[in-house]
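[1] output the structure for:
(4 chains)
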2 protein chains.
Amino acid sequence: MLAASTAIASHDCNRNGLLDVAGPPRKTKTPDSRRAITADLVAVLVAVTDGQPKIMTIANAGALPSGPFEFKHRSLQSGLRAWVEAQTGHPLGYVEQLYTFADRGRTGDGPSPHSVSISYLGLTREDQVADGASAHWSGWYDYFPWEDHREGPPSLLAKLLTPRLRAWAKSAPSAALQRERWQRAAITFGFEDREWNEELVLQRYELLFEAALIPEAVRESGNAATLVPGRPMTADHRRILATGIARLRAKIKYRPVVFELMPAEFTLLQLQRSVEALAGRLVHKQNFRRLMEQQQLVEDTGAIAADTVGRPAKLFRFRHAVLAERAVAGTKLPLSRT
Amino acid sequence: MLAASTAIASHDCNRNGLLDVAGPPRKTKTPDSRRAITADLVAVLVAVTDGQPKIMTIANAGALPSGPFEFKHRSLQSGLRAWVEAQTGHPLGYVEQLYTFADRGRTGDGPSPHSVSISYLGLTREDQVADGASAHWSGWYDYFPWEDHREGPPSLLAKLLTPRLRAWAKSAPSAALQRERWQRAAITFGFEDREWNEELVLQRYELLFEAALIPEAVRESGNAATLVPGRPMTADHRRILATGIARLRAKIKYRPVVFELMPAEFTLLQLQRSVEALAGRLVHKQNFRRLMEQQQLVEDTGAIAADTVGRPAKLFRFRHAVLAERAVAGTKLPLSRT
DNA sequence: TTAGGTTATGCTCAGGATAAGTATAAGCCA
DNA sequence: TGGCTTATACTTATCCTGAGCATAACCTAA
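    Residues are numbered from 1 along each chain as shown, chains lettered A, B, ... in the order given. All right, here's what the predicted structure looks like:
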C-alpha cells in the first residue's frame, strides 16, 4: 500500500525556520567561528496517569524542559536519560529523537542567536516524581483541546474551529485558493464526512498557526478574541509537542511502546485506557484483547486486580520476550516469496 | 497492532555519540561561547535509474554530499532543495529530515571539533544531471551488498556474513551473551527460517559494526581479511545512508513517495521495478497492479509504451489528486466508531 | 435474597484485504 | 507460425478486522 505525501504529510517543522546552507554544501570540516552556533535539547516527556496523557513542563506549564548541551557525557541520548531519571526517580523506558529545528526567529531576540533545537520524545511514568524544582506534569490536551475525541468530537470543533477555519479559507484572495484552504482544513480536521485521523496532530497545529488562530502565531498583534482555545507555550514548544504527540500516536500502532508507560502489572482495561488516552479515541474492547493475545504481547500473572468495580480482572505483564523473539513486521507491499 | 521496540527497533544512531547535556536542562537562551559548536548538513539523495537505486556521492564515492550551514536562507529544507536542484537540474520532489548526529569522535580529529550533523533524505531523478563537479551517482548496493534480495538472498550472506557473525557471537564471554548475540543476528538477518525484513537496514549495519566486520569500525587496526564486502565511507556517512535507506524502505509502504523517483509517465512494470529496487526484493506483479488500482494512485494516460519487448504496456501517470483527496490512512488499532 | 449496575471474557459473523496462482491477450522475432 | 516476452483479467483460499451477542463474575442497594 502506498499513500499520500508531500503537501499534507510533510513532517517538516521548520516552516518558519530561518537558517540555511550557504550555497553548495562543501566538504569542509574546518571549525569556523563565523558559523559557530549553539544547540539546545528539548524534551517531550510523556506519562499516562489515571487515563490522562501528561507531559513534563517547566516555567509554570509554559515550556518544555530544555537546556543547552555541552560535550561531556557519552551521547545526547544518555544525557537526556540520566537527567530525566534523576528527576522522576524512574527509568526512562524509551527515548527517541524527534526533530531538529533550526531558526533564528524562535526565541524572538532578533537575528543574532543562531541555534538549533534537538528535540526528543521520552516515555516514563508520573508516579514517584522527585518534584523538587519547577517541573510539573500537565495534561497534554490542555495544549490541544481539539485532539481529544474519546468522548466524541469535542464541541469546540464544531463551535469554534470549523467556523473560524471556514472564515480563514474564505479570506483567501482567489476562489481556487479558498477551495484549497478549505480542503486542507477538511482533510486534517475530518470535516464533511471525512474520517478523523488522530495522527495529523502536527498538520492541524500548523494549519491553525497559518490561519493565525494560535497565540504563538500572533505574538504582537494579539487579537485574543478570535483565537482558538488551548494553552500556548514559549517559542515553538507547542509545535515540538505536537510533533511528539503525532509520533507517539503513530508509533503505538506498530511498536509495543505503550508498555513503557504502564506499571509492571496491569489489567487489559488499564492498558486499553492508556492507548485511548494517547490516541485520543476509543478502541473496541474485545478486539483490543484479541489483538493483545494473538500478538502475544502480554502474559497472565496469575494475580487478580483488587478493589475494582465489576468483575475482577486478571493482571497481566508485558512479555519482554517479544522484543527478542521477533522484529517488527510491517509489510504493506505485495511481496513475493520466491 | 503493536509490535517490538527498544532493543532492536531503536533508531538511535549516536551509539558512539560523545555529547551530552550538562546536568539538568535549564531554560537558558544566553549564547555562551563556551558551548558554541558547528553544524553540518548531510544529504542522502536518492534516484532510481534502470532499476538500480542510486545515491549522490562526492569524494570519489567515499562520502555523502555535505557542508556547513550558515544563517542565510529561509530554512534548512529550502537551502538543501535549492542546492540539489542546481546540481541536478531537476526539482527535488521530496525532502525529509533523517536524524541529527552529535559526537566528537566522528571526524576523527580528537575531542575538539564539537559538531552536529543534520541529515536529510531527498528524492530526485538522475537524468539530466549537471554533473559539473565531483558529484556522482553510485549504486547504493555497492555500500550494502547484503541488502539486495531481488534475486534471492545474496550468496555472500551464507558464505561470509553468517559464519563471521556466528564467530562473533561465539566470541562473547558468557554463554548467555553468546546466545543473545546470535539471536540478534538471526533476527536482523533472517537466519534460521526467520523472515528477511528489508526495513532493518540500520540494525544490520550497526550489528556488523559492533561485530567489527565493517572497515569504519576498525579504522586503525585494519584486519581487512576478516571484514565484510561493501564500500566504506567517510566518518559515519555509511550509517547515515543506512538510516536513509531504512526510512525510505519503510515509507514507500504507506506514502506514495516512489513517484518522486519516476518520470512523468511510466508503465506499471517500471513502477514496480523502482519499488523493488528500493525494497531490495520482488513483489507479486498482479497484486501490485491491483494495489495501484484500488488505491487510485495512478491513471491511464491513453498512451502506450514504445520500443518494448512483449505486449506493449499502457502508460500511467501519478494521480496528484490523491494528495488532496485524502490524508494518509494508517490505522492498526481496533478503533471503535461510536 | 435478588435485581440491576459494572466490568471481564468468550465467541460468531460478515466483509475486506492479501497471497498465490491460472488463464488469456498482444506484441515481437526467427 | 511457433515460441518468447510482457500485459492484464480472474479465481481461490486464507487471514485480518470491525462489530456485536452472550455470558460470567463481582458489587450494592432494595
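[2] contacts and neighbour counts: CA atoms only from here.
    Noted.
[3] quick check: which ranges of the stretch 151-300 of chain A have low pLDDT?
    A:220-225 (pLDDT under 70).
[4] most proximal residue of it with respect to DNA strand D?
    residue A:286 (4.9 Å; CA to the nearest atom of the strand).
[5] so that residue lies in a helix, does it not?
    Yes - using DSSP: H, G, I helix; E, B strand; the rest coil, the assignment for residue A:286 is a helix.
[6] what about it, how many neighbours?
    9 (other CA atoms under 10 Å in any protein chain shown).
[7] cool, and residue A:142?
    Neighbours of residue A:142 (other CA under 10 Å): 16.
[8] which ones are touching it?
    A:230-231 (CA atoms under 8 Å, 6 or more residues apart in numbering or on different chains).
[9] which residues touch the residue nearest to the spatial centre of chain A?
    Residue closest to the mean C-alpha point of chain A, counted by CA atoms, centre = their mean, is residue A:245 at 1.5 Å. Residues near residue A:245 by CA under 8 Å, 6+ apart: A:201, A:278.
[10] re earlier: how far away is the residue of the stretch 151-300 of chain A closest to DNA strand D from residue A:228?
    37 Å (CA to CA, to the nearest Å).
[11] then residue A:314?
    Residue A:314 sits 43 Å away from residue A:228, going by CA to CA.
[12] residue A:199 now?
    20 Å.
[13] ok, residue A:313 touching residue A:301?
    No - the criterion here is CA atoms under 8 Å, and residue A:313 misses it with residue A:301 at 11.2 Å.
[14] just want the residue of chain A that's nearest DNA strand C.
    residue A:310 (2.9 Å).
[15] report the secondary structure element holding that residue.
    For residue A:310, there is no host helix or strand (DSSP states H and E).
[16] and it, how many residues sit next to it?
    Count around residue A:310 with other CA under 10 Å applied: 6.
[17] ok, which residues in chain A are in contact with DNA strand D?
    A:284, A:286-287, A:291, A:308-312 (CA under 7 Å from any atom of the strand).
[18] switch to 10 Å and redo it
    Where chain A comes near DNA strand D, counting by CA under 10 Å from any atom of the strand, the residues are A:253, A:282-291, A:294-295, A:304-314.
[19] out of those residues, which are buried?
    Among those, the ones that count as buried by 16 or more other CA atoms under 10 Å in any protein chain shown are A:253, A:282-283, A:285, A:288-289, A:291, A:304, A:313-314.
[20] residue B:60: which of the residues you listed is nearest?
    Nearest to residue B:60 out of those is residue A:253 (CA to CA; 41.9 Å).
[21] so in chain A, which strand runs the longest?
    Using DSSP state E to define each element, chain A has its longest strand at strand A:38-49.
[22] give me the angle between it and strand B:38-49.
    Interaxial angle, strand A:38-49 versus strand B:38-49 (axes from the mean of the first three to the mean of the last three CA atoms, to 10 degrees): 70 degrees.
[23] how far away from the center of its chain is strand A:38-49?
    On the basis of CA atoms, centre = their mean, to the nearest Å, strand A:38-49 sits 10 Å off its chain's mean C-alpha point.
[24] and for the very next helix or strand once past that strand, what's in contact with it?
    Reading on from strand A:38-49 to the C-terminus, the next helix or strand found by DSSP H and E is strand A:52-57. Contacts with strand A:52-57, where a contact means CA under 8 Å, 6+ apart, come from A:44-48, A:63-65, A:135-141, A:274, A:277-278.
[25] so which of the residues you listed sit within helices?
    Per DSSP state H, helices hold the following members of the contacts of strand A:52-57: A:274, A:277-278.
[26] from those, which is closest to residue A:156?
    residue A:277 (18.8 Å).
[27] quick check: that closest one touching residue A:50?
    No - with contacts counted by CA under 8 Å, residue A:277 stays clear of residue A:50, the gap being 9.3 Å.
[28] okay, the two: which has more neighbours?
    Under the criterion of other CA under 10 Å, the comparison of residue A:277 against residue A:50 puts residue A:277 first, with 24 against 10.
[29] could you list every residue that touches that one?
    Counted by CA under 8 Å, 6+ apart, residue A:277 has contacts A:48, A:51-53, A:150.
[30] now with 10 Å, please.
    By CA atoms under 10 Å, 6 or more residues apart in numbering or on different chains, residue A:277 lies in contact with A:48-54, A:140-141, A:148-150, A:249, A:271.
[31] pull stretch A:263-270 out as CSV, backbone CA atoms only.
    Extracted C-alpha coordinates of stretch A:263-270, given in CSV (Å, rounded to 0.1, in the frame of the first residue of the first chain):
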residue,chain,number,x,y,z
PRO,A,263,3.3,-0.2,35.8
ALA,A,264,4.7,-3.7,35.9
GLU,A,265,1.3,-5.3,36.2
PHE,A,266,-1.9,-4.0,34.8
THR,A,267,-5.3,-5.1,33.6
LEU,A,268,-6.2,-5.1,30.0
LEU,A,269,-8.6,-2.3,30.6
GLN,A,270,-5.9,-0.2,32.1
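[32] just to revisit the earlier point, overlap of the contact sets of residue A:313 and residue A:301?
    residue A:266.
[33] just to revisit the earlier point, farthest-apart pair in the buried ones among the residues of chain A next to DNA strand D, please.
    Farthest apart among these by CA to CA are A:253 and A:304. That separation is 27.3 Å.
[34] so for whatever helix or strand residue A:208 lives in, what gets flagged as buried?
    Assigned by DSSP H and E, residue A:208 belongs to helix A:201-210. Buried residues in helix A:201-210, defined by neighbour count with 16+ other CA under 10 Å: A:201-209.
[35] can these go into CSV with extra columns for distance to chain B?
    CSV is the format used below for the buried residues of helix A:201-210 (distance: CA to the nearest CA, whole Å):
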residue, distance to chain B
A:201, 12
A:202, 13
A:203, 10
A:204, 12
A:205, 15
A:206, 15
A:207, 14
A:208, 17
A:209, 18
